[in-house]
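# quick check, what structure comes out for this input:
(chains A and B)
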Amino acid sequence: MTQTSDDRFFIDFPARIQRIQAGMAQRDIDLYLGSRLRTLSWTLDAFCPWRSYVVIPADGLPTAFTFVIDASRVGDDSWLGPDRVLGYAPMGGQDQISAISDLILSCLKGKKGIVGIESGMAPYLPEGNLTHYEYERFQAALPDCQLVNAHDLIDELSLIKEPGEIMRSREASRQVDIGHQAVREAIQNGGYHGMTETEIGGLAAYAMRKAGSEWEWSFTGGNEIASGYRTGLAGGACTPASRRLLQPGEPFMVDLHAMFRLCLGDHSHNYLLSPATPRQRWHAQNFVDLVQLTLDTYKPGMTPSSLADELLAFCEERNFAEYMVPGFEHGIGMMGDEWRIGMNDGPFPYWTNPEHVYQPNEMLICAMQYACSEENIGFRYENPILITETGCEALSKYPLGIEEV
Amino acid sequence: MPEYTYLSPEWAAEAHRRLKAELTPEKMKYVTSSMVTFYKNCPDGKDRALFYRFEEGVCSELTITVGEPPQAEFRITGDYDTFAKISRAELGSRAALMNGKLRLQGNMVKALSLSAVVDRMNKVLATIPAKY
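Sure thing, here's the model as predicted:
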């Protein structure tokens, strides 16, 4: 996609590549082979649903590889253009190992050097770390190269969001808010009667797409919709919409996902389908108060563990701690960057470091799950937030509340 | 009709003549590109490269060299026997690529868009009476 520097969503991708190359030079890495979805989005500005790779030489422009059936489209979308997005296919010399190894060798003096790769683990299935098989095959094809794990180079550079990335995220959140308005209009005044969770997911998707969203990006099922007992599943923070009919007297949770130029909107809003009981309203008030407190608490210098301590103390004080799933955030960035927060420097490798210190212009999803399974009720809040100098900005502007409809 | 030794200078001259005579720029989609087919293990034990250059759909150059192949936008590498089988229509070029008997280097997306014109070219070359 052609960008101009006066585009408010502009991201300087060549500058990103130069920052990666500077980091490579500091670490004596001669070439970087990226394979994670987050790396591909962050470097190419194109959605890569098929197994893809980006080869970043010590200087000059990178070259991307993706499955040939999608290569022209990726080349058309990416700032790199079609000549630097190549396809791989099951043909002699064109399989991914041969084609990429050939390019790597042509970039390295004497066909040897240190090649940074991306290895590790993730609870997120499409993370895209190099597989064991790929590692072995690349090592065999690059016999005089040393493959070193270097993903933290990208992780570090992508931690603080750039203005264009923030603007894209704001736009994705605006689209999500339009989806929520469409749901609200559809279900009000008894409109939800006869509607299923999948139908809600679809009408929200239609409204967001009309507003320019590219897709309901979440790998957890697109727009996640839950009603009744499904809202109260304690281990139920991901609820792909089911064919369940919306029922009066039940809670109803709408978790929408929009994508704008690879930046992600993710906001959950909750309802009580009338008639609501006083007990349901008590649960709802607990949750709304907790969310408000959370949004008021985020600021630079906080850590996930200090935040959790403060919020769980509030839950205890209000006597609903047993209903809170003890986690209050997950990561967010360009497509593929949607789970771990910060760097891989915590006590459990490849999980969020609970002592990660938030800094201005970091983004995360404020994410909370309230689940009372014995009463078949639960709520979810998600909203991308930007850490500011003094607090945080919630990117979705949809009013906080649990509405009775 | 004379019979040419495959990849000999005489075969190359005849190939060039036929490509120019039988393939119009329109049939060749006005393509501008270059390609090398690199034959390893020729009957005399040497490696040979057949280099083609097309400009606006016209075959402007066709040469055969011994040893390392010249630079080209696309390079297809394989054993002489494999190419010979393709020329005798005993083996399809796509099947040879898919089975890994031939190795293609170059932009795969562009190669896909050129596959039809390469097929046309190969059909013309297959009509040259040749001994292998």
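
# secondary structure class for residue 83?
Just so you know, I chose chain A. Under DSSP: H, G, I helix; E, B strand; the rest coil, A:D83 falls in the helix class.

# what does the host helix or strand of A:T198 contact?
Applying DSSP states H and E as the criterion places A:T198 in helix A:197-210. Contact with helix A:197-210 is made by A:175-176, A:178-183, A:186-187, A:213, A:216, A:222-227, A:230, A:241-244, A:246, A:254, A:256, A:258, as judged by CB atoms under 8 Å, 6 or more residues apart in numbering or on different chains. The C-beta positions use only the backbone N, C-alpha and C, and glycine is treated the same way.

# give me the neighbour count for residue 91.
No chain in the question, so chain A it is. As a burial measure, A:M91 scores 21 neighbours (other CB atoms under 10 Å in any protein chain shown).

# actually, chain B is the one I wanted.
So B:L91, with other CB under 10 Å, has 18 neighbours.

# before we move on, the earlier item: the contacts of helix A:197-210 in helices, which ones?
A:175-176, A:178-183, A:186-187 (DSSP state H).

# ok, which stretches of chain B are helices?
Under DSSP H, chain B gives helices at B:9-22, B:80-87, B:93-98, B:108-126.

# who in chain B is up against chain A?
B:77-78, B:96-105, B:107-109, B:111-112 (CB under 8 Å from any CB of the partner chain).

# got a pLDDT number for whatever residue of the stretch 301-405 of chain A ends up closest to chain B?
Minimum separation of the stretch 301-405 of chain A from chain B (CB to the nearest CB) falls at A:M335, amounting to 22.4 Å. The per-residue pLDDT reported for A:M335 equals 97.

# residues in contact with it?
A:37-38, A:41, A:47, A:217, A:259, A:262-264.

# in the chain, which residue is closest to the centre?
Picking chain A for this. Centroid-nearest residue in chain A, with CA atoms, centre = their mean: A:E338, separated by 2.5 Å.

# not what I meant, chain B
Central residue of chain B (CA atoms, centre = their mean): B:T37, at 5.4 Å.

# what strand or helix carries A:V148?
Using DSSP H and E, the element containing A:V148 is strand A:145-149.

# the helix or strand bottoming out on mean pLDDT in chain B packs against which elements?
Ranking every helix and strand in chain B by mean pLDDT, DSSP states H and E puts helix B:93-98 at the bottom, with a mean of 85. Counting contacts by 3 or more CB pairs under 8 Å, 6 or more residues apart in numbering or on different chains; DSSP states H and E, helix B:93-98 packs against helix B:80-87, strand B:102-105, helix B:108-126.

# would you turn these into a markdown table with mean neighbour count and mean pLDDT?
Listed next are the helices and strands packed on helix B:93-98 as a markdown table, based on neighbours: other CB atoms under 10 Å in any protein chain shown; pLDDT from 0 to 100:
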| stretch | mean neighbour count | mean pLDDT |
| --- | --- | --- |
| helix B:80-87 | 20 | 90 |
| strand B:102-105 | 22 | 94 |
| helix B:108-126 | 17 | 88 |
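
# make CSV out of those and add distance to A:L290.
Below are those laid out as CSV (distance: least, CB to CB, whole Å):
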stretch, distance to A:L290
helix B:80-87, 69
strand B:102-105, 59
helix B:108-126, 52
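
# give me the angle between the strand or helix carrying A:S268 and helix A:197-210.
Using DSSP H and E, A:S268 falls within strand A:263-272. For strand A:263-272 against helix A:197-210, the angle by axes from the mean of the first three to the mean of the last three CA atoms, to 10 degrees is 140 degrees.
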